[in-house]
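Show me the folded form of this:
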Amino acid sequence: MNWINDVFGVAKPVIAMCHFRALPGDPNYDADGGVEAVLEAARRDLVALQNGGVDAVMFSNEASLPYLLKTEPITAITMARIIGELSSQITLPFGVNVLWDPTASIDLAVGTGARFVREIFSGVYASDYGLWNTDSGRIARHRRTVSGQGVRLLYNIVPESAVYLADRDIASVARSTVFNTRPDALCVSGLTAGATTDPETIGTVKEAVPDTPVFANTGVTAATVAKQLAIADGAVVGTAFKRDGYIWNEVDEARVAELTANARAARLATVS
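So this is what the prediction gives:
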């Protein structure tokens, strides 16, 4: 697990989501405000997250609902433009997630210098977006083709709004995913963004693959971060950082500072 310290500079990092507003081509895109409005909203959120003390940032097209399983080129192109515009203000390690397109996510990471990607790289699911299939072998080869070997891959093995089609328990899924695909980390999620990740499920996955980092991927709050980090190797946080804890609001720096302070205390308790 040395790569976590290498990338984030700390054990048990808090990775903050910087959610982009709807992008060109998305059903809810604000054409009047244009990309400039998306950029300025992302800039404000980025500043609040960094000032609040997070360990890393992950940019995603969270408002592109309903998500595509193969995105249009305009999505990653626009995200690359925004990240490029923000690059002089990014002071932390960052990752990307083009929902839900692994190829586009890796391409965006290579093109922008992102250190990691979170995606659905393996498995077959019945989801709100239809039958959700993956091709982890092709993705692994694509990463090599575009010289993305240095991009860390965070595999979400409990996708939001979806259920694994095979009749397998989560421990078996974790073990076979690690054996077959060699992910850099596994992410365990709740039902949707902001939904609590079951600590027992995190523990089951950790026990099944003790040498692979496991992240709590949704629903971590200031009140629960210590409990989650007592088990998990890190946390991905988005909704809890927003004003009033509502996903589509702007980031509230005070909420960020509260959660990250609790996370730092939890790390100290773990070390001691």
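
so who does S127 touch?
P159, S161, A162, V163 (CB atoms under 8 Å, 6 or more residues apart in numbering). C-beta coordinates here come from the backbone N, C-alpha and C atoms, glycine included.

how close does it get to T181?
20 Å (CB to CB, to the nearest Å).

Lowest-scoring secondary structure element of this structure by mean pLDDT?
Lowest by mean pLDDT, DSSP states H and E among the helices and strands of the chain is strand 162-164, with a mean of 88.

List the buried residues of it.
A162, Y164 (16 or more other CB atoms under 10 Å).

Adjacent strands (with direction) for it?
Strands adjacent to strand 162-164 in the sheet, as given by DSSP bridges, are strand 125-127 (antiparallel).

starting at the chain centroid, how far to the strand it pairs with?
Between the centre of strand 125-127 and the centre of its chain there are 19 Å (CA atoms, centre = their mean, to the nearest Å).

where does the protein dip in pLDDT?
Applying pLDDT under 70 to the chain picks out residues 1, 191-194, 271-272.

which residue ranges form the helices in it?
Counting by DSSP state H, one finds helices in the chain at the ranges 2-8, 34-52, 73-86, 102-112, 136-145, 170-181, 199-208, 225-229, 253-271.

need the contact list for Y246.
By CB under 8 Å, 6+ apart, the neighbours of Y246 are T239.

distance of it from V110?
33 Å.

which residue packs closest to the residue nearest the centre of the chain, ignoring adjacent ones?
Central residue of the chain (CA atoms, centre = their mean): R118, 4.8 Å from the mean position. In space, and not counting its chain neighbours, R118 is closest to L154: 4.1 Å by CB to CB, 6 or more residues apart in numbering.

For the one you found, give the beta-bridge partners.
R118, A185.

so who does it touch?
G95, F116, V117, R118, E119, P183, D184, A185, L186, C187, F215.

Identify the farthest-apart pair in the residues you listed.
G95 and L186 (15.0 Å; CB to CB).

any idea how far E36 is from D198?
From E36 to D198 the distance is 40 Å (CB to CB).

again but with R243, I slipped
26 Å.

How about A269?
Distance from A269 to D198, by CB to CB: 22 Å.

Neighbour count: these two, which is higher?
Shown here are A269 and D198; by other CB atoms under 10 Å, D198 has more neighbours (16 against 11).

give me the number of residues near the residue found closest to that one once you drop the neighbours it is linked to in the chain?
Once flanking residues are discounted, D198 sits nearest to G190: 7.3 Å by CB to CB, 6+ apart. By the criterion of other CB under 10 Å, G190 has 18 neighbours.

Touching, G190 and I202? I think so.
No - applying CB atoms under 8 Å as the test, G190 and I202 come out as separate, 10.9 Å apart.

can you tell me which residues contact G25?
By CB under 8 Å, 6+ apart, the contact list for G25 reads E72, I74, T75.

swap in P13?
Residues counted as contacts of P13 (CB under 8 Å, 6+ apart) are I4, D55, A56, G234, A235.
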